[in-house]
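Asks: With the input below, show me the fold.
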Amino acid sequence: MGKRSKRYRAEVEQISKEAVSLSEAVEKVKSFKGVKFDQSVECVVALGIDPKQSDQQLRGSISLPNGIGKQKKVIAFCDDSEVESARQAGATEAGVDELVKKIEGGWLDFDIAIASPKVMGKVGKLGRVLGPQGKMPSPKNGTVTANVAAAVAEFAAGKVEFRNDSGGNIHVVVGKQNFEADKLLENIETFISHIKKIKPASTKGIYIKKISISATMSPGICVAV
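Replies: Numbering: from 1, shown residues only. Predicted coordinates for the structure are as follows:
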């Protein structure tokens, strides 16, 4: 890792070495200044799960009450009867055969792919391309659904996907630094509450081990669990 900037090092000095309340952490993240863009705010939850066990892996999606401040590029794999409604809902591309060919040709300029169950037989062959990108439609995170238009609208508006990494951590963007503190706080509380609700039954010991939040260019702040 390269040398940290003077601004970053100064921000580290402002952070308590002890975990703080979520509201305090939000206020601290919002107080950080010095970059030329509106930073995204990310929440990281370290879980006491065994990522190697399939029944302890967490993957899903959630609509945060105040959005995340970013419009996402969404495409839709669907049959001809659903193309128009998918486009009206916000899909930048919609269809099946031509869209599959376009992606096979190397096009990946989108964030989320939604698919109707009816066309998954054709979409399945894209697994080797979209899987490593984290863009393969899946019933687990709500991107394979019979209601394609509704899913497109939700994800385009900022519905977020999540999945644990190999270390049992979940990273999710929960808003922008310029959000009002109460809206940022509500988003984070909603996300943490959801993670608590989907605790795998086979998990043993401490489930939520650590929570931290940070802005794109700021150090992380540990939140009291």
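Asks: Going by neighbour count, which residues of stretch 93-113 are buried?
Replies: Residues of stretch 93-113 classed as buried: 93-96, 99-100, 103, 110-113 (neighbour count, 16 or more other C-beta atoms under 10 Å). To be clear about C-beta, it is placed using only N, CA and C from the backbone, and glycine gets the same treatment.
Asks: same for the one helix or strand residue 121 maps to, what does it pack against?
Replies: Using DSSP states H and E, residue 121 maps to helix 120-123. Here helix 120-123 touches strand 74-77, helix 97-104, going by 3 or more C-beta pairs under 8 Å, 6 or more residues apart in numbering; DSSP states H and E.
Asks: and that helix, how far out from the chain's middle?
Replies: In terms of C-alpha atoms, centre = their mean, to the nearest Å, the centre of helix 120-123 is set 24 Å apart from its chain centre.
Asks: what's the following helix or strand after that helix?
Replies: helix 127-130.
Asks: ok, back up a step: quick one, which of the helices and strands packed on helix 120-123 gets closest to residue 221.
Replies: Residue 221 lies closest, by C-beta to C-beta, to one member of the helices and strands packed on helix 120-123: strand 74-77, at 31.6 Å.
Asks: so what does that closest one touch, helix or strand wise?
Replies: Contact here means 3+ C-beta pairs under 8 Å, 6+ apart; on that basis strand 74-77 packs against helix 80-89, strand 91-95, helix 97-104, strand 112-115, helix 120-123, helix 148-156.
Asks: Quick one: these as a markdown table, columns for mean pLDDT and distance to residue 201 too.
Replies: As requested, these are arranged in a markdown table below (pLDDT from 0 to 100; distance: least, C-beta to C-beta, whole Å):
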| stretch | mean pLDDT | distance to residue 201 |
| --- | --- | --- |
| helix 80-89 | 96 | 35 |
| strand 91-95 | 97 | 36 |
| helix 97-104 | 97 | 37 |
| strand 112-115 | 97 | 29 |
| helix 120-123 | 96 | 28 |
| helix 148-156 | 93 | 28 |
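Asks: so where is this structure shaky, pLDDT-wise?
Replies: 1-2, 34 (pLDDT under 70).
Asks: Repeat the analysis, applying 80 as the threshold.
Replies: Scanning the chain for pLDDT under 80 picks out 1-5, 7, 10, 12, 34-35, 70.
Asks: Just the strands from it, written as ranges.
Replies: 40-47, 59-62, 74-77, 91-95, 112-115, 160-163, 169-176, 208-215, 221-223 (DSSP state E).
Asks: what domains does the record give for the protein?
Replies: 6-67+160-223, 74-156 (automatic domain parsing).
Asks: Go through those domains and pick out the most buried.
Replies: Highest mean neighbour count of those: domain 74-156, a mean of 18 (counted as mean count of other C-beta atoms under 10 Å).
Asks: So what's the gap between that domain and the chain middle?
Replies: 17 Å.
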